[in-house]
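*Asks:* Next come a sequence and a model predicted from it.
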Amino acid sequence: MKKHFFKSKEEVLREFSVTLNGLSKEQVENSKKLYGVNELQEQEKEKAWAIFLSQFKDFLVIILIIAGIISMLTGNIESTIVIFAVIIMNAILGTVQHLKAESSLESLRNMASPKAKVMRDGQKIEIHSKDIVEGDIVYLEAGDIVPADGRVIESFSLMVNESSLTGESESVDKYSEIISEENIPLGDQKNMVFSGSLVTYGRGVIVITAVGMKTELGKIASLIKDTKEKATPLQVSLDNFGKKLSISILILCGVVFVINFYHGVNLLDSILFAVALAVAAIPEALGSIVTIVLAIGTQKMSKENAIIKKLKAVEGLGSVSVICSDKTGTLTQNKMTSKKIYVNEKIINVEDIDLNDNYQKMLLNFGALCSDASSEGGKEIGDPTEVALTNLVRKFNISELELRKEYPRLSEIPFDSDRKLMSTLHKIDEKIYMVTKGALDILLKRVKYIYDSEGIREITEEDIKRIEEVNYEFSNNGLRVLAFTFKNLSKEKALIKEDENDYVFLGLISMIDPPREESKEAVTNCLRAGIKPVMITGDHKVTAVAIAKEIGIFKDGDKALNGIELSAMSDEELHDVIENVSVYARVSPEDKIRIVSAWQSRGKICAMTGDGVNDAPALKKADIGIAMGITGTEVSKDAASMILTDDNFATIIKAVATGRNIYSNIKNSIRFLLSGNMGGILSVFYASLVGLPMPFAPVHLLFINLVTDSLPAIAIGMESGKDDVLEEKPRDINQPILDKNLSLKIMLEGLLIAVFTMIGYYLGFKNGGAKVGSTMAFAILCLGRLFHGFNCRGKNSMLKLGLFSNKYSVLAFLVGTFLLNVILFNQSVGSLFEVAKLTTSQILYIYVLAFIPTIVVQVCRFIKYDLKEK
Ligand code: ATP
């Protein structure tokens, strides 16, 4: 069969029985059945049973299994049952946590999956790229990711970067003509585009020739990097910490084993005890708790319009100290409305425009012709700057669509944010006009003539001065200004960038883009949280500063730089002034990388927003790259670590608050796990040292590990956000999560629990012997840790936090207490857990002694925080 590049476009369309109107619904279904969907086969997902089995790979679990087998062989049926029950319960809990975290990450991935614009049944619609089928007519424009392989049908300066396939880093031109050679490499197939390449310039229409695994990308899919999420820095550092801690605990268990054995306990019991102690003391849940808290947190963020693509962004968010944000659409509404025009030396309010005036009519008509937007029937489609222009002609009952029919576009050079210009070519009254609109400062350098009441004449210094004054006046009121120029060509031609010169200046159209209502408050919150907001925009400096002042980003003494000033600075100079610069204007996407680097060179964690095709490198370079969900290109979304589904600056601040809360929840969970474990270790260690019988039976420790470890820890991780997180300064990213302060608290709280556990032990020991003593110690440690779960919910006392404000925490407590009571009160279960029958007063002692550490902690909290905050 002939290759697609070797066929004419008509032949390819015929092959798929499709026209430019796209496939019909039926054809789509058929194509799906015949050729499959547009998905690369990902690596097989881990099955639930495999995850369940993998829980048994843990070193401690293996030792526990061996201990279980030994105790079975020695006829110790009770402990055998308990050990295996604990192992299985642990594995189930681990599996459930793993699956839950996976599924929330997967749903996030789906939310962030790329989209494509297709023509189907004569209508242009946006669909998920995975729903594309062979024969689909797909529209491409700068910033898109090519969704599947396709033959180019139409190209308007279409350029594509295929480096992921060919290794060629320069973008290549694409055209629709047939290629007459049959055996050529991918890189030379200039009328084909391939899945995964980036559209860097222009626009085009393609017909899809291969999807999914049949695409060129699919053929090398096995080479594609594993998309699995890597462990976040926090997970890595906790893993390392966990390993070190485990080793110390194992050594300690060794010591306890020797002491026990020395005191005459038999070998098997000594081993069993040491193993149980290791299981209870090593916080195995640490890693999975972090994952689950991160996963729950990201779900919450997605409800608040921030989709997290990389888990490590959640941690990073808590440390962000600079947010560099685009202006248009993120801080402002991106709803442009024309306000004033300037033409033939007159400033005219939009309401006073008179279309009998030739100059004014020409300016408005050029606005409609040199743009791709439309506002038919009030439905606005396209770039808001251009919608302002089409709305403007509609105001005077002129249809931009009719105008474009009358004076069709013969050629064009699309707008891009580097050039800040757009040109189109039209035949008007038998003359060929090249119309260019764009940023005044860029266009003015290319102007030679001016069109005013004297006709077309050479532009003078004075004219330029006057135009600049008007531009300043408009910009100073926060208006965006578009300049319009034109020139006549002798004949029709395909426009190239070199044609954008020797213009006749026609006039200016200014438009307002009001700040978003929530921007001001979000900026205030941002400053309150110790984060510097910075505005980066392609707009004019004066416009940018006016808006930045209005929303509070630009303060007295701040600096604003434009692209030219920025380029004149060395990296060192930028490094020195950067803290004072709050507005960057007329910058190109490449400048954003320098800005991020300069902030990073000052040790700051920098978030950067972006939407355009050229923003991707800056988004990757930033610590947190943020793409726009509505207006952002697929390329920018691909590069970002977070996507704002509402394009709103205020959402970033909300995400920062949630990020900080997640971090503090993780910290609290760790505190809970470690301090409780510490309580157990210290009790055992004390008993060993003073030569008392062991305060716990191995089954006690296993029960504590199961009931009082995971459930309250997860509940603490679910704690809802506190408003005051925005009062704190950003967290230093280099500071370990377990800093001195936290370690000290863990020690003290562990000690407190241990002291009261041992008091209970002595009391029981004195009145009823070793078994009663050990039962009391076990119950106090268990209950004390359950109570302690409430302490770890936040820094304030329960009076301020509210006992029931975290229902999961209450639930975890109730479940734990219920199970403990079943053991204490039910004889047959009790005998399984080696507990003695207790008197009512002994039970009362248990509750009181277990509660005291929590009272002590709560009183301290009340004095230290609540009173101060009142
Ligand atoms: P921000 O970075 O804040 O989002 P922006 O994206 O609005 O800014 P650009 O779209 O790069 O910035 O616009 C920069 C300048 O280019 C504008 O000030 C305007 O003068 C000009 N411009 C914007 N849109 C067009 C367009 N469609 N055609 C021609 N010129 C345009």
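*Replies:* Sure, I can see it. Residues are numbered from 1 along each chain as shown.
*Asks:* Which other helices and strands does the helix or strand where Arg480 lies contact?
*Replies:* Under the criterion of DSSP states H and E, Arg480 resides in strand 479-489. For strand 479-489, the packing partners by 3 or more C-beta pairs under 8 Å, 6 or more residues apart in numbering; DSSP states H and E come out as helix 358-369, helix 384-395, strand 431-438, helix 440-444, helix 461-476, strand 503-512, helix 541-551. For glycine as for every other residue, the C-beta is placed from the backbone atoms N, C-alpha and C.
*Asks:* Adding distance to the ligand, mean neighbour count and mean pLDDT, write the ones you listed out as a markdown table.
*Replies:* Formatted as a markdown table, the helices and strands packed on strand 479-489 follow (distance: least, C-beta to the nearest ligand atom, whole Å; neighbours: other C-beta atoms under 10 Å; pLDDT from 0 to 100):
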| stretch | distance to the ligand | mean neighbour count | mean pLDDT |
| --- | --- | --- | --- |
| helix 358-369 | 10 | 22 | 96 |
| helix 384-395 | 4 | 23 | 95 |
| strand 431-438 | 4 | 21 | 96 |
| helix 440-444 | 7 | 19 | 94 |
| helix 461-476 | 9 | 16 | 96 |
| strand 503-512 | 10 | 24 | 96 |
| helix 541-551 | 7 | 22 | 95 |
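*Asks:* Would you tell me which of those gets closest to Ser688?
*Replies:* helix 541-551 (64.1 Å; C-beta to C-beta).
*Asks:* contacts for that closest one?
*Replies:* Here helix 541-551 makes contact (C-beta atoms under 8 Å, 6 or more residues apart in numbering) with 327, 331-332, 472, 474-481, 513, 515, 519-520, 523, 535, 537, 554, 560-562, 582-586.
*Asks:* ok, then the element right after it?
*Replies:* Sequence order places strand 559-562 as the next helix or strand after helix 541-551, per DSSP H and E.
*Asks:* Buried residues of that following strand, list them for me.
*Replies:* For strand 559-562, the neighbour count (16 or more other C-beta atoms under 10 Å) marks 560-562 as buried.
*Asks:* Likewise for stretch 746-761?
*Replies:* 746, 748-750, 752-761.
*Asks:* Check which helices and strands the helix or strand harbouring Gln299 sits against.
*Replies:* Element membership of Gln299, judged by DSSP H and E, is helix 285-303. With contacts taken as 3+ C-beta pairs under 8 Å, 6+ apart, helix 285-303 sits against helix 77-111, helix 233-262, strand 306-308, helix 312-317, helix 649-690, helix 710-717.
*Asks:* about what we covered before: what pairs with the strand holding Arg480, parallel or antiparallel?
*Replies:* If you go by DSSP bridges, strand 479-489 pairs up with strand 431-438 (antiparallel), strand 503-512 (antiparallel).
*Asks:* for it, what is the average pLDDT?
*Replies:* Across strand 479-489, the average pLDDT comes to 96.
*Asks:* Stretch 281-295 too?
*Replies:* Rounded mean pLDDT across stretch 281-295 is 79.
*Asks:* Can you dump the C-alpha atoms of that stretch in CSV for me?
*Replies:* Output of stretch 281-295 as CSV, limited to C-alpha atoms (Å, rounded to 0.1, in the frame of the first residue of the first chain):
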residue,chain,number,x,y,z
ALA,A,281,8.0,0.2,67.5
ILE,A,282,8.9,0.6,63.9
PRO,A,283,6.5,2.9,62.2
GLU,A,284,5.9,0.8,59.1
ALA,A,285,2.8,2.9,58.3
LEU,A,286,4.9,6.0,57.8
GLY,A,287,5.4,5.7,54.1
SER,A,288,1.8,4.7,53.2
ILE,A,289,0.3,7.3,55.5
VAL,A,290,2.3,10.0,53.6
THR,A,291,1.1,8.7,50.3
ILE,A,292,-2.5,8.5,51.4
VAL,A,293,-2.5,11.9,52.9
LEU,A,294,-0.9,13.4,49.8
ALA,A,295,-3.5,11.6,47.6
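*Asks:* Can you tell me how far Glu40 is from the ligand?
*Replies:* That one is not Glu; residue 40 is Leu. With distances taken as C-beta to the nearest ligand atom, to the nearest Å, Leu40 is found 33 Å from the ligand.
*Asks:* ok so, going back, what would the strand holding Arg480 look like as CSV? C-alpha coordinates only.
*Replies:* Output of strand 479-489 as CSV, limited to C-alpha atoms (Å, rounded to 0.1, in the frame of the first residue of the first chain):
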residue,chain,number,x,y,z
LEU,A,479,-5.8,49.9,28.9
ARG,A,480,-4.2,47.4,26.5
VAL,A,481,-3.3,49.2,23.3
LEU,A,482,-3.2,47.6,19.8
ALA,A,483,-1.6,49.5,17.0
PHE,A,484,-2.8,49.1,13.4
THR,A,485,-0.6,49.6,10.3
PHE,A,486,-0.9,48.6,6.7
LYS,A,487,0.9,48.7,3.4
ASN,A,488,0.0,48.1,-0.2
LEU,A,489,1.7,45.3,-2.1
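*Asks:* How about the residue of the stretch 751-870 of the chain found nearest the ligand: what's its closest non-neighbour residue?
*Replies:* Nearest residue of the stretch 751-870 of the chain to the ligand: Gly794, at 38.4 Å (C-beta to the nearest ligand atom). Closest residue to Gly794 apart from its sequence neighbours, by C-beta to C-beta, 6 or more residues apart in numbering: Leu801 at 5.2 Å.
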